[in-house]
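Undergrad: sequence below, structure please.
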Amino acid sequence: MNNYRLTIQYDGTNYAGWQIQTDCETIQQTLSEGIKVITGKNVNLAASGRTDSGVHALGQVANFKTDSELDIYKFKYSLNSVLPKDISIINVEKVAEGFHARYDAKSRKYIYLFIKYKSPFYEPYAYRYFYNLDSEYLNRLSKCLIGEKDFTSFARKSLEPEDKNCIIYDVHWSERKDFMVFFIEANRFLHGMVRTIVGTLLNAQKNNFDEEYLKEVISAKNREAAAEAVPAKGLFLFKVKY
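TA: Coordinates of the predicted model:
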C-alpha cells in the first residue's frame, strides 16, 4: 500500500473546519473529493489535527493510502488545478506505510495575529483589538501555561474526550511593526483551546489580573471560568513537528 503525505495551506474563512460534517463544506471533504477526481478512488484522509471553523493553516499535514503508484509531481499539479483557490497543496511526498499524520506528530504550533490598524488586506486574517497589548505583561502571564496541565477550562464542553491533559512546550508574544503575534506549541490541542487561552490572557491584561487569575482558571476545570474566545480569523495552524 502506498502512503502519501501532503503539506497543505488553506484559508478557512468559508469552511466549517477540517473534519467532514453533514451539510457543511469542510477542508477534508473538499480535499478528498479533489483526490478522487485525480485518482478515481475514495481515500481516508487523516490530518495532524482538526482545525475549527474559520481557522486557517500555513502548514497542515495529512496523509492517505492508495494501491496506486502516483507521480507525485503530476499529482500535486493536478490536485491544485481542481482545488478551489483557498486551498493549496504545498508539498507531496511518499512516506513509509506506517506513517500517520496525527499519531506520529510530536507537536503542533499555532500563531494568532493581531493587527494594529485598520487594513483591507490584513483585517480578514487578523484581529484588530481596540486595547493596547502589553507584550511584556502578556509574556509574563503566559509562562503559567507551560508544562503538562488539565486544560478543561479552555475546551468546548461537548466535543472532547475524557483526557484533557496537554503539554505546552512554548508560549509567547512577539511584537512586529504592524502586528502582535501570539505563538503556542503543544503536543496536542483541545477544540477551541488556543482561541480561549488568548481571550483569557487579554481579559487578564484588561483587568490588570496577575498570574493567580490564570492559575485559578486552570484549576477550576470549568469553561465558564475562562474568558470569551477571540475570533477564528486570526488563528493559523503554523507548523507540525514530526
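Undergrad: looking at this, Gln9 is in a strand?
TA: Yes - according to DSSP: H, G, I helix; E, B strand; the rest coil, Gln9 belongs to a strand.
Undergrad: could you measure from the closest residue to it other than its chain neighbours over to His56?
TA: Leaving aside its sequence neighbours, Gln9 sits nearest to Ser88 (Cβ to Cβ, 6 or more residues apart in numbering; 4.8 Å). No exception for glycine: its C-beta is placed from N, CA and C like everyone else's. Per Cβ to Cβ, to the nearest Å, Ser88 is found 12 Å from His56.
Undergrad: if you count surrounding residues, which of the two has more?
TA: Neighbours per residue, other Cβ atoms under 10 Å: of Ser88 and His56, the larger number sits with His56, 25 against 16.
Undergrad: does the residue lying closest to Leu83 once chain neighbours are set aside fall in a helix, a strand, or a coil region?
TA: Excluding the flanking residues, the one nearest Leu83 by Cβ to Cβ, 6+ apart is Gly34, at 5.0 Å. At Gly34 the chain is in helix, as set by three-state DSSP.
Undergrad: give the contact list for Gly34.
TA: 79, 82-83 (Cβ atoms under 8 Å, 6 or more residues apart in numbering).
Undergrad: closest one of the residues you listed to Ala227?
TA: Leu83 (36.5 Å; Cβ to Cβ).
Undergrad: so the closest one makes contact with Gln29?
TA: No - using Cβ atoms under 8 Å, Leu83 is not in contact with Gln29, being 11.8 Å away.
Undergrad: now do the shared contacts for the two.
TA: What both Leu83 and Gln29 touch, as defined by Cβ under 8 Å, 6+ apart, is an empty set.
Undergrad: just to revisit the earlier point, what's the distance between the residue nearest to Gln9 and Leu79?
TA: From Ser88 to Leu79 the distance is 10 Å (Cβ to Cβ).
Undergrad: quickly list the domain ranges of this structure.
TA: By the assignment in automatic domain parsing, the chain contains the domains 2-95, 107-241.
Undergrad: re earlier: out of the contacts of Gly34, who's nearest Lys106?
TA: Among the contacts of Gly34, and counting by Cβ to Cβ, the member closest to Lys106 is Leu79, at 26.7 Å.
Undergrad: run the chain-centre distance for the helix or strand containing the closest one.
TA: Using DSSP states H and E, Leu79 sits within helix 72-82. Here helix 72-82 is found 24 Å from its chain centre; the criterion is Cα atoms, centre = their mean, to the nearest Å.
Undergrad: for it, buried residues please.
TA: For helix 72-82, burial by neighbour count (16 or more other Cβ atoms under 10 Å) applies to 75-76, 78-79.
Undergrad: and for stretch 115-127?
TA: For stretch 115-127, by 16+ other Cβ under 10 Å, it's 115-116, 122, 125-127.
Undergrad: rewinding a little: after the helix holding Leu79, next one along is what?
TA: By DSSP H and E, the next helix or strand past helix 72-82 is strand 87-95.
Undergrad: show me how far the helix or strand following that following strand is from its chain's centre.
TA: Beyond strand 87-95 in the direction of the C-terminus, DSSP H and E gives the next helix or strand as strand 107-115. How far strand 107-115 lies from its chain's middle: 8 Å, per Cα atoms, centre = their mean.
Undergrad: ok, now stretch 157-175?
TA: 11 Å.
Undergrad: spit out the contact partners of Val95.
TA: Residues counted as contacts of Val95 (Cβ under 8 Å, 6+ apart) are 3-5, 63.
Undergrad: closest one of those to Glu148?
TA: Asn63 (27.3 Å).
Undergrad: all helices for the chain, in order.
TA: 27-39, 72-82, 135-142, 193-206, 211-220 (DSSP state H).
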